[in-house]
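K.L.:
I would like to see how this sequence folds:
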Amino acid sequence: MTLLSRKLFAGLLALLVAMPLAVGQARAAYTQAELDQMLAPIALYPDPLLSQILMASTYPIEVVEAARWSRANPGVQGDAAVRMVQDRDWDPSVKSLVAFPHVLARMDENIEWTRRLGEAFIVQEPVVMETVQALRRRAQASGQLASDDRLRVVEEAQLVAIEPANPQYFYVPYYDPWIAYGPWWWPAYPPVVWAPWPGYARFYRPGLSVGFWWGAPVGISVGFFFGGVDWYQRHVRVVHVNNYYIRPAVATRTVILRPGRWQHDPWHRRGAEYRDPVARQQFAAPAPLRDQRREEPRREEPRRIFAAPPAAAPRAEIRRDEPRLGVQRPPERRQERSRADRQPEQRKPEARLAPASPPSAERMPPARAERAPAPRAEPAPVLRAERAPVPRAEPAPVLRAERAPAPRAERKDQRQNGRGDREHQGSRDRPVQLR
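P.N.:
Reported below is the predicted structural model:
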């Protein structure tokens, strides 16, 4: 082989080796610095909670809806909260986070961080798992991650797993990334830091991390979490699917959640756009197909239907001359006559075509239906003589003469004159005595 052929072969081999590296760099949506930055506030969470946070971050719209529900129901957490939303049409990972209102509130406050975390998990899941392991090793090196009465840290083959100490009383830690990981190594990409949660306190004891704050435990049932992490295969997996909140709200809804490696369900994106080109190419469906899948459960939901009577079904005609059992109907002559008087123009007999041959007596319809109604003699109106009202004699007005008051002197004279008249009258009546 000549020297020229050797150089050509070496150049071709270098080109073939560089092509996969270029494709890998094109697929890397986020750099290592960005992954360290966004995973810093959750990398030290227990594995079951971490797995379901990563799943739920791929459905940002449902996270916002769940956070609104949690704010509308303050003080409800744990199994009690999840049972209240188990019939909602959310992804099971989103339903499970209702049990932890503080975590859900932080994801809703920084929804852009939630969206970026979800797309990084979809496209770069193995790299995300490796980043979590690197952050945990840094926390161990700084002396901030160790087992206690709330969390259990398990190390196996250079892998660090974090499990809850009591499955029924789950503690969600809050920690400061600037303290938990030691000096930060990306000056241009500082870690995402959440504000301290209300009700949390930091305890100072020997052997206890000073970078962790703790609150009251959250009560959950055994087997509450359906997710876990396979650190050897570097992916999130579904452990079991018999949780009460995994049942779909609509019976015909196809649930992709099955034991094994977790699969992203684009239906729960609710129309949220994939900004990463690789995720858009892999999961974004055409608009009509996506809208059709979203409308499928709505058409299958049971609805109350009020059936209307058929319009074409004729009503059975009641013959007035046939007696009904147990009912005697009074004649309605006055009503028919008044109806005919009100609407004379609407009761016009319809013209009927004479049959070509006279039908037999058996097939002839009743004569009552063919013949026009016979005029009925109207009873003569009874004339009643109306008595004119007798005028009432009005009493004549009593005229009273008003006399002018007489002066007092005249009244005295009148009294004296009256007395003199009476004396004179008496003197006439008395007999005259002769002396």
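K.L.:
Low-confidence stretches in this structure?
P.N.:
When residues are selected by pLDDT under 70, those of the chain lie in 1-28, 204-210, 247-257, 284-435.
K.L.:
all strands for it, in order.
P.N.:
Assigned strands in the chain, in chain order: 151-156, 159-164, 169-170, 174-175, 212-213, 218-219, 227-230, 235-238, 260-261 (criterion: DSSP state E).
K.L.:
distance of Asn175 from Thr31?
P.N.:
Quick fix: residue 175 reads Tyr, not Asn. Counting by Cβ to Cβ, to the nearest Å, the gap from Tyr175 to Thr31 is 24 Å. No exception for glycine: its C-beta is placed from N, CA and C like everyone else's.
K.L.:
Pick out whichever of the two has more residues nearby.
P.N.:
Counting neighbours by other Cβ atoms under 10 Å for Tyr175 and for Thr31 shows that Tyr175 has the greater number, 25 against 11.
K.L.:
List the beta-bridge partners for the more buried one.
P.N.:
Under the criterion DSSP bridges, Tyr175 forms beta bridges with Phe212.
K.L.:
In this structure it contacts Ala43, no?
P.N.:
No. No contact is recorded between Tyr175 and Ala43 when judged using Cβ atoms under 8 Å, the distance being 9.7 Å.
K.L.:
count of neighbours near Tyr200?
P.N.:
The number of residues packed near Tyr200 is 15, by other Cβ under 10 Å.
K.L.:
ok, the residue lying closest to Val63 once chain neighbours are set aside - contacts?
P.N.:
Nearest residue to Val63, sequence neighbours excluded (Cβ to Cβ, 6 or more residues apart in numbering): Met107, at 5.4 Å. Residues counted as contacts of Met107 (Cβ atoms under 8 Å, 6 or more residues apart in numbering) are Ile53, Ala56, Ser57, Val63, Ala67, Leu97, Trp113, Thr114.
K.L.:
Can I have the buried ones of those residues as a ChimeraX selection?
P.N.:
In ChimeraX, a selection of the buried entries from the contacts of Met107 looks like this (16 or more other Cβ atoms under 10 Å):
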select :53,56,57,63,67,97,113,114
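K.L.:
out of the contacts of Met107, which one sits closest to Gly211?
P.N.:
Taking Cβ to Cβ as the measure, Gly211 sits nearest to Ile53 out of those, at 19.6 Å.
K.L.:
Tell me who's in contact with the closest one.
P.N.:
Counting by Cβ under 8 Å, 6+ apart, the residues that Ile53 touches are Ile42, Tyr45, Ser93, Leu97, Val103, Met107.
K.L.:
rerun at 10 Å
P.N.:
For Ile53, the residues meeting the contact criterion (Cβ atoms under 10 Å, 6 or more residues apart in numbering) are 42, 45, 63, 93, 96-97, 100, 103-104, 107, 114, 117-118, 121, 227.
K.L.:
Is Val123 in contact with Leu117, as I believe?
P.N.:
No. Val123 lies out of contact with Leu117 (Cβ atoms under 10 Å); the separation is 11.5 Å.
K.L.:
Those two: who's more crowded?
P.N.:
With other Cβ under 10 Å as the criterion, Val123 and Leu117 differ in neighbour count, and Leu117 comes out ahead with 25 against 20.
K.L.:
That one: what's its closest spatial neighbour, skipping adjacent residues?
P.N.:
Across the structure, with Cβ to Cβ, 6+ apart as the measure, the residue nearest Leu117 apart from its sequence neighbours is Ser57 (4.5 Å).
K.L.:
tell me the contacts of the one you found?
P.N.:
Contacts of Ser57 (Cβ under 10 Å, 6+ apart): 38, 42, 63, 93-94, 97, 107, 111, 113-122.
K.L.:
Gln233 now?
P.N.:
Going by Cβ under 10 Å, 6+ apart, Gln233 touches Pro126, Met129, Arg261.
K.L.:
Please spell out the PyMOL selection for the buried subset of these.
P.N.:
To isolate in PyMOL the members of the contacts of Gln233 that are buried, counting by 16+ other Cβ under 10 Å, one can use:
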select buried, resi 129
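K.L.:
For the contacts of Gln233, give me TSV that also has distance to Gln281.
P.N.:
Written out in TSV, the entries for the contacts of Gln233 read as follows (distance: Cβ to Cβ, whole Å):
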residue	distance to Gln281
Pro126	19
Met129	23
Arg261	20
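K.L.:
Looking at the contacts of Gln233, spot the one nearest Trp231.
P.N.:
Closest approach to Trp231 among these (Cβ to Cβ): Met129, at 6.9 Å.
K.L.:
these two touch, right, that closest one and Ala161?
P.N.:
No. Assessed by Cβ under 10 Å, Met129 is found out of contact with Ala161, at 11.7 Å.
K.L.:
Identify the contacts common to these two.
P.N.:
With contacts defined as Cβ under 10 Å, 6+ apart, the residues shared by Met129 and Ala161 are Val229, Trp231.
K.L.:
quick one: contacts for Ala157?
P.N.:
Under the criterion of Cβ under 10 Å, 6+ apart, the contact list for Ala157 reads Trp231, Tyr232.
K.L.:
can you rerun that using 6 Å?
P.N.:
Applying Cβ atoms under 6 Å, 6 or more residues apart in numbering, one finds that Ala157 lies in contact with no residue.
K.L.:
Next: the one 10 residues further on.
P.N.:
Applying Cβ under 6 Å, 6+ apart to Pro167 gives the contacts Val222.
K.L.:
how does it look with 10 Å?
P.N.:
Applying Cβ under 10 Å, 6+ apart, we find Pro167 in contact with Pro48, Ile220, Ser221, Val222, Gly223, Phe224, Phe225.
K.L.:
Repeat that for Asn73.
P.N.:
Contacts here follow Cβ under 10 Å, 6+ apart; on that basis Asn73 touches Ala80, Ala81, Met84, Val85, Val98, Pro101.
K.L.:
Report the buried members of those residues.
P.N.:
Judged by 16+ other Cβ under 10 Å, buried ones among the contacts of Asn73: Ala81, Val85, Val98, Pro101.
K.L.:
hang on, the last one packs against Val82?
P.N.:
No. Because the distance of 11.5 Å does not satisfy Cβ under 10 Å, Pro101 is recorded as not touching Val82.
K.L.:
Common neighbours of the two, please.
P.N.:
By Cβ under 10 Å, 6+ apart, Pro101 and Val82 have these common neighbours: Val76.
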